[in-house]
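Asker: structure for the following, please:
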Amino acid sequence: MGASILSEAAPDANADARLDGLSAALAILAFAALIALFFTHRIPSTQPRSTKPGSE
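Answerer: All right, here's what the predicted structure looks like:
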């Protein structure tokens with residue numbers, strides 16, 4: 001009888017561990033996205049002009 005309780009608890013523990021891992025992965029992904037947004041202010045908003053003479 002004790003083995004059946006253990007065999008029922010194992011999938012529950014596995015499901016909980018998977019959800020915890022998914023939550024942690026999504027939190028890390030959100031944090032990385034926020035860091036990426038912080039560095040996007042360095043992206044130029046206008047295209048550089050050509051320096052070749054007569055290219056206009």
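Asker: count the residues that sit near Pro44.
Answerer: Using other C-beta atoms under 10 Å, Pro44 has 6 other residues around it. From N, CA and C alone the C-beta is placed, and that goes for glycine too.
Asker: let me redo that: Ala10
Answerer: Look at Ala10: counted by other C-beta under 10 Å, it has 10 neighbours.
Asker: list the helices and strands the helix or strand hosting it packs on?
Answerer: Using DSSP states H and E, the element containing Ala10 is helix 2-39. Contacting helix 2-39 under the criterion 3 or more C-beta pairs under 8 Å, 6 or more residues apart in numbering; DSSP states H and E is no other helix or strand.
Asker: so how far is Ser23 from Ala30?
Answerer: 11 Å (C-beta to C-beta, to the nearest Å).
Asker: pLDDT at the spatially most central residue of the chain, what is it?
Answerer: The centroid of the chain falls nearest to Leu29 when counting by C-alpha atoms, centre = their mean (1.7 Å). At Leu29, the predicted lDDT confidence score is 98.
Asker: and Leu6, by the same measure?
Answerer: Per the predicted model, pLDDT is 69 at Leu6.
Asker: over to Met1?
Answerer: Turning to Met1, the model gives it a pLDDT of 50.
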